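*Asks:* Quick one, structure for this:
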Amino acid sequence: EVQLVESGGDLVQAGGSLRLSCAASGLDFVRYVFGWFRQAPGKDREAVACITGGSDVTNYVTSEKGRFTISSERAKNMVTLQIHSLKPEDTAVYYCAAVIERVCTPGAMEYWGKGTLVTVSS
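*Replies:* Down below sits the predicted model:
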């Protein structure tokens with residue numbers, strides 16, 4: 001059974017930083033593309049960034065790629081997302097997802113975690 005378990009969401013003040021983690025199990029990590037997506041209240045789920053588990057090729061979908069860093073730790077089957085200079089508009093549930101294809105869109109992902117809530121106060 002494939003499981004993606006996110007952690008690291010928190011209530012933080014604007015300007016702060018967070019590190020989100022996604023622990024993957026039940027799949028061949030190096031064959032998959034992993035992505036971080038987010039869904040703010042009342043909005044559609046959107047892609048932030050994706051990374052290939054086998055070669056660390058990254059794809060930043062967000063227009064603010066300078067504030068986000070996606071990385072993977074193959075030895076731990078872990079994918080992380082660091083967010084810097086947090087803004088209130090970053091408030092959302094952040095999801096980890098995986099797909100075997102080289103895509104990074106919400107509709108294409110095969111497996112999803114349950115999400116971790118990030119709340120940024122002004």
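*Asks:* what separates the worst-scoring helix or strand of the chain on mean pLDDT from the chain centre, distance-wise?
*Replies:* One helix or strand of the chain scores below all others by mean pLDDT, DSSP states H and E: strand 58-60, with a mean of 90. Relative to its chain's centre, strand 58-60 lies at 11 Å (Cα atoms, centre = their mean, to the nearest Å).
*Asks:* What of stretch 75-91?
*Replies:* Using Cα atoms, centre = their mean, the offset of stretch 75-91 from its chain centre is 7 Å.
*Asks:* which of the residues in the helix or strand hosting residue 120 are buried?
*Replies:* Residue 120 belongs to strand 116-121 when assigned by DSSP states H and E. Buried residues in strand 116-121, counted by 16 or more other Cβ atoms under 10 Å: 116, 118, 120. Glycine gets a C-beta too; all of them are placed from N, C-alpha and C.
*Asks:* Include distance to residue 22 when you put those into JSON lines, please.
*Replies:* Shown next, in JSON lines, are these (distance: Cβ to Cβ, whole Å):
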{"residue": "116", "distance to residue 22": "9"}
{"residue": "118", "distance to residue 22": "14"}
{"residue": "120", "distance to residue 22": "20"}
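*Asks:* Look up how far residue 15 lies from residue 6.
*Replies:* 23 Å (Cβ to Cβ, to the nearest Å).
*Asks:* These two: which has the busier surroundings?
*Replies:* residue 6 (23 against 11; other Cβ atoms under 10 Å).
*Asks:* dump the residue contacts of that one.
*Replies:* 20, 21, 22, 94, 95, 96, 113, 114, 115, 116 (Cβ atoms under 8 Å, 6 or more residues apart in numbering).
*Asks:* what's the neighbour count on residue 55?
*Replies:* Neighbours around residue 55, by other Cβ under 10 Å: 10.
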